[in-house]
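Asker: Need coordinates for the below:
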Amino acid sequence: MPDHLEPPKSRTTSETASDARPALPRRPVDAVLFDFHGTLAQVEDPVAWVLAGATACGATLERARATALADRLLTAGRAGGPLPARVPPHLAEVWADRDLYPSAHREAYTGLAATVDTGVDGLAEALYERLLRPEGWLPYADTAATLTALKAAGVPVAVVSNIGFDIRPLFDAWGLTDLIDAFVLSYEVGRCKPDPAIFYRACGMLGVEPERALMVGDTPADAGAVRAGLAVLVLPAAEAGLANGLTAVLDIALAGR
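Answerer: Model (predicted):
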C-alpha cells in the first residue's frame, strides 16, 4: 500500500445506525396552548401564604408557628399545591367537582383547610381568598418573555387550565392579558384535562387544527393532549419566581419562522 494512502476507518455501530435513520420532518406549530399552574405561574411560598392569611384575619403569627401550620395545611390539601393526603368523606363530592364548579372549588379547599385546627378564626376562608388575588401567585421568571416572543411572531396562545375560578384578573394585574388570545377554563367549558374536548375547544378558539398546535404543561393531564392530536411539551414545575424552562417553547414554535 502506498505510504500516502491510509486504510479505511471502520465505522461505529452508532454512526451506521444514524445514517440509516430517516430524517423526520419537523412538525409545524401554528399555536401554543399553556397550562396555568406549574407552567406559567406558581403559588406563593406556603409560609408567606399562611402569614398573609392570618394577617387578613387580624392575627399575628410567629414564623415558627406559621411554618408548622403551613406543613399541616399542605398535607390537608392546598389549591395550587400537592394533592391532599386524604379527602374526608364529607368532601368527596365537592372534591370530585372542584374544577367544574366555583362553589365546589371553594367548598373543597376551605373544607380541607378547616380540618386543620389553626387556632385562627376565619383562616380557612382567608387562605382561599388569597388564592384569588394576584399577590397569591408568582409568574415564572421566563413567562412574560416567552409570551411576548410568541406574540411578536404572530403565534396565537391559549391558557388551558383545570381550575374552579377566573384567572383573568391575575393576568390583568401582571400585564399579560394582551399576550393571551383565549382562556379555556374547565369550569367554564365543562371539561377537564385530559379530556380531548377541552383541547379541541382551545384549538377551535384559536382557529388552528390540533395537529398544528403545541400543548405545554407539567402533568400527565396536560400530556393527554396527545389523544387530541396535539404535540406536547412537558416541563417540570419550578419554585415560585424562578425560570421554568419555557424558552424551550420558542425553539419549537418559532423554528422556520
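
Asker: those helices in the stretch 1-150 of the chain, which residues are they?
Answerer: Secondary structure of the stretch 1-150 of the chain (DSSP state H, counting those that start in this stretch): helices located at 13-20, 46-56, 63-76, 92-96, 102-114, 123-131, 143-152.

Asker: any residues touching the fifth one, and which ones?
Answerer: Spelled out, that is helix 102-114. Applying Cβ atoms under 8 Å, 6 or more residues apart in numbering, the contact partners of helix 102-114 are 73, 76-79, 84, 87-88, 90-91, 93-95, 97-99, 123-125, 127-128, 131, 163-165, 187. Glycine gets a C-beta too; all of them are placed from N, C-alpha and C.

Asker: if we can go back for a sec, wait, which of the helices of the stretch 1-150 of the chain is closest to Ala221?
Answerer: Closest to Ala221 of the helices of the stretch 1-150 of the chain, according to Cβ to Cβ: helix 92-96, at 14.8 Å.

Asker: which of the residues in that closest one are buried?
Answerer: Residues of helix 92-96 classed as buried: 94-95 (neighbour count, 16 or more other Cβ atoms under 10 Å).

Asker: Quick one: list the elements packing against that helix.
Answerer: Judged by 3 or more Cβ pairs under 8 Å, 6 or more residues apart in numbering; DSSP states H and E, the packing partners of helix 92-96 are helix 102-114.

Asker: now the angle between helix 46-56 and the helix it packs on, please.
Answerer: 100 degrees (axes from the mean of the first three to the mean of the last three Cα atoms, to 10 degrees).

Asker: List the buried residues of helix 102-114.
Answerer: So, applying 16+ other Cβ under 10 Å, buried residues of helix 102-114: 104-114.

Asker: Turn those into JSON lines, columns for pLDDT and distance to Thr60.
Answerer: Shown next, in JSON lines, are the buried residues of helix 102-114 (pLDDT from 0 to 100; distance: Cβ to Cβ, whole Å):
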{"residue": "Ala104", "pLDDT": "98", "distance to Thr60": "33"}
{"residue": "His105", "pLDDT": "98", "distance to Thr60": "29"}
{"residue": "Arg106", "pLDDT": "98", "distance to Thr60": "26"}
{"residue": "Glu107", "pLDDT": "98", "distance to Thr60": "28"}
{"residue": "Ala108", "pLDDT": "98", "distance to Thr60": "28"}
{"residue": "Tyr109", "pLDDT": "98", "distance to Thr60": "24"}
{"residue": "Thr110", "pLDDT": "98", "distance to Thr60": "22"}
{"residue": "Gly111", "pLDDT": "98", "distance to Thr60": "26"}
{"residue": "Leu112", "pLDDT": "98", "distance to Thr60": "24"}
{"residue": "Ala113", "pLDDT": "97", "distance to Thr60": "19"}
{"residue": "Ala114", "pLDDT": "97", "distance to Thr60": "21"}
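
Asker: of all the residues you listed, which comes closest to Asp251?
Answerer: Once Cβ to Cβ is applied, the member of the buried residues of helix 102-114 that ends up nearest Asp251 is His105, at 35.3 Å.

Asker: got the residue ranges for the strands in the stretch 151-257 of the chain?
Answerer: 157-161, 182-185, 213-217, 231-234 (DSSP state E, counting those that start in this stretch).
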